[in-house]
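Sequence and predicted structure below; questions after.
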Amino acid sequence: ITGGAERYVDRGIIPRAISRIYSEVAKKADAQYAVHISYVEIYNDQGYDLLDPDHETKALEDLPRVGLQEDDEGNIHLRNLSYHRAATEEEALNL
């Protein structure tokens, strides 16, 4: 997922996506943005919050389970998913 950090072409999908988000935000000087980051791992039809601050564990099964809910209007919500504000690309990559 992360790939090599030395060259852009060796980077994985997550670092590339984060880089793209922050480059687009930088282009919009006339607006203010707040970027929040979450990581969900889906394994055997179950979601796990990989950035939960209360769980410093290595076993996937010990992480908080993320639930998927749909409201009456058809909007999807992720229950028990933490999100973290990241002011810069570097902060986002270091989560």
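Now that the structure is in, tell me what you want to look at.

alpha carbons only for contacts and neighbour counts from here, please
Fine.

Is the residue located most distally from the centre of the chain in a helix, a strand, or coil?
Largest separation from the mean C-alpha position in the chain: D72, at 25.9 Å (Cα atoms, centre = their mean). At D72 the chain is in coil, as set by DSSP: H, G, I helix; E, B strand; the rest coil.

Which pLDDT value belongs to the most centrally placed residue in the chain?
Closest to where the C-alpha atoms of the chain average out (Cα atoms, centre = their mean) is S38, at 2.9 Å. Listed pLDDT for S38 reads 95.

what's it in contact with, if anything?
Going by Cα atoms under 8 Å, 6 or more residues apart in numbering, S38 touches 49-51, 81-84.

could you point out the longest helix in this structure?
Assignment by DSSP state H gives helix 13-27 as the longest helix of the chain.

tell me what that one is packed against?
helix 89-93 (3 or more Cα pairs under 8 Å, 6 or more residues apart in numbering; DSSP states H and E).

Would you mind listing where the chain has pLDDT under the threshold?
The model of the chain has pLDDT under 70 over residues 1-8, 57.

And D62, how far from D52?
11 Å (Cα to Cα, to the nearest Å).

Pick out whichever of those two has more residues nearby.
D52 (19 against 11; other Cα atoms under 10 Å).

Name the nearest residue to that one, ignoring sequence neighbours.
Distances taken as Cα to Cα, 6 or more residues apart in numbering place S82 nearest to D52, at 5.8 Å, with adjacent residues excluded.

how about the one you found, what does it touch?
Contacts of S82 (Cα under 8 Å, 6+ apart): 38, 49, 51-52.

This completes my enquiry, with thanks.
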